[in-house]
Every structure is written in C-alpha cells, then in structure tokens.
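S.K.: need coordinates for the following:
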Amino acid sequence: MNRENKQELISMFHEKLKSAKAVFLADFRGMNVTQATNLRNELRKSSVEYKVIKNTLLELASKGTDKEALSAHFTGPTAIALSYDDPVAAAKVLTRCAKEQQATFKLKAGVLSGKTISVAEIQALADLPSREVLIAKMLGSMNAPVTNFVGTLAAVPGSFVRVLEAIRAQKQGN
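M.R.: The predicted model follows:
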C-alpha cells in the first residue's frame, strides 16, 4: 500500500470515527475464517461495521476525534466495530461472541458518546434492553397517567349512575 492509499484510508477512517456513536475494539487472535464471517454477518444485521486495520493507521485516523482515547488499546491484532445507530445491539453481539469464543475473541475497550468504556461497561451496555424496548417502556410510562386519568373520569359518572339506580330501586321498593 503506497503513501497515497494510506492517506485515503486514514481520512476515510477519520470520518467514520467522527460519525460513529460507539466504537468497540477487540483482539481477534485465533479466530478462524468461519467464525470471523459469522461475526461480521451478525454485526452487519445490527448496522455495525467491523474492520481489521493496522494499529498505526487507526491511531492516525483517531487523532482529533473523541475516539483518540482508545490509542492505549491499539496493540496486538485489533478489530474495530463502528456502530452508527444502536450501540446496545453492537455490544450484545460482541459480548455474546466474546463469551462463546473466549479463547479467540476478547474485547479490549470502547468509546460511547465520547467516553471511554471498559470491558465490564460494555457488558453492562449489552445487558440493557434494545432501543425499541426502551422506547416502548417510555411510551407506556408516559401513557399510564393519561390512561389512569381517563379511567378515573369515566368512573365518576358510572358511580353517579349506580347511586341513582340504587336510589331509584330503593324508592320503588318502599
């Protein structure tokens, strides 16, 4: 790869790092082609880009971005997962792979919203419900007071009608 191609690659990765919501680094030493292909396919389904890039090029590309803090982890074989949409989905796939292939795939660190996160924090992120589930829970919470209020308002006339009916029945009985 000549100098011009390297500069193009660095600038392309610089833009990708700037636009990514979350970035995860992993050591993929010992993974076979089938395992790597399966991981790539799973990550692609979650709109996550998975690449293997030289540490020196990755370090140059990260300069001037909030992902620059990861430079301490640019050692050994490094794979990078870039999440542009849902960081939780990426974390779920990567941690599941790390559990299933403990000998060959290890998470190193990550960056989420400009903050460096450890492997334990990536695991905690993976344990969160998906974005859709969180949105549904939030909407349910927002709807609950309105639903309860409408139920209470509907119960008042119903109670009034039952009281009137009881009074009518009592007067007819006398």
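S.K.: strands of the chain, residue ranges please.
M.R.: Ranges of strands in the chain, per DSSP state E, are 22-27, 48-52, 79-83, 106-112, 115-117.
S.K.: what is the shortest one packed up against?
M.R.: In this structure, strand 115-117 packs against strand 106-112, with contacts taken as 3 or more CB pairs under 8 Å, 6 or more residues apart in numbering; DSSP states H and E. In this view, the C-beta of every residue, glycine as well, is placed from N, C-alpha and C.
S.K.: how far out from the middle of the chain is the biggest helix by length in the chain?
M.R.: The residue-count maximum for a helix in the chain (DSSP state H) belongs to helix 131-173. Helix 131-173 sits 38 Å away from the centroid of its parent chain (CA atoms, centre = their mean, to the nearest Å).
S.K.: how close does Lys45 get to Asp27?
M.R.: Using CB to CB, to the nearest Å, Lys45 is found at 23 Å from Asp27.
S.K.: among the two, which residue is more densely surrounded?
M.R.: Legend: neighbour count by other CB atoms under 10 Å for Lys45 and Asp27, higher for Asp27 (18 against 10).
S.K.: who's that one bridged to?
M.R.: Bridge pairing for Asp27 (DSSP bridges) gives the partners Lys106.
S.K.: what pLDDT, on average, does the longest helix of the chain get?
M.R.: The average pLDDT for helix 131-173 rounds to 85.
S.K.: check stretch 110-126 too.
M.R.: 88.
S.K.: pull up the distance across that stretch, start to finish.
M.R.: 12 Å (CA to CA, to the nearest Å).
S.K.: quick one: distance of it to the chain centre.
M.R.: Relative to the centre of its chain, stretch 110-126 is centred 10 Å away, using CA atoms, centre = their mean.
S.K.: contacts for that stretch, please.
M.R.: The contact list for stretch 110-126, computed with CB atoms under 8 Å, 6 or more residues apart in numbering, reads 21-25, 66-67, 69-70, 87-88, 91-92, 94-96, 107-109.
S.K.: and the buried ones among the residues you listed, selectable in ChimeraX?
M.R.: The following ChimeraX line selects those of these that are buried, judged by 16 or more other CB atoms under 10 Å:
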select :22,23,24,25,66,67,70,87,88,91,92,94,95,107,108,109
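S.K.: who are the neighbours in contact with Lys45?
M.R.: Contacts for Lys45 (CB under 8 Å, 6+ apart) come out as none.
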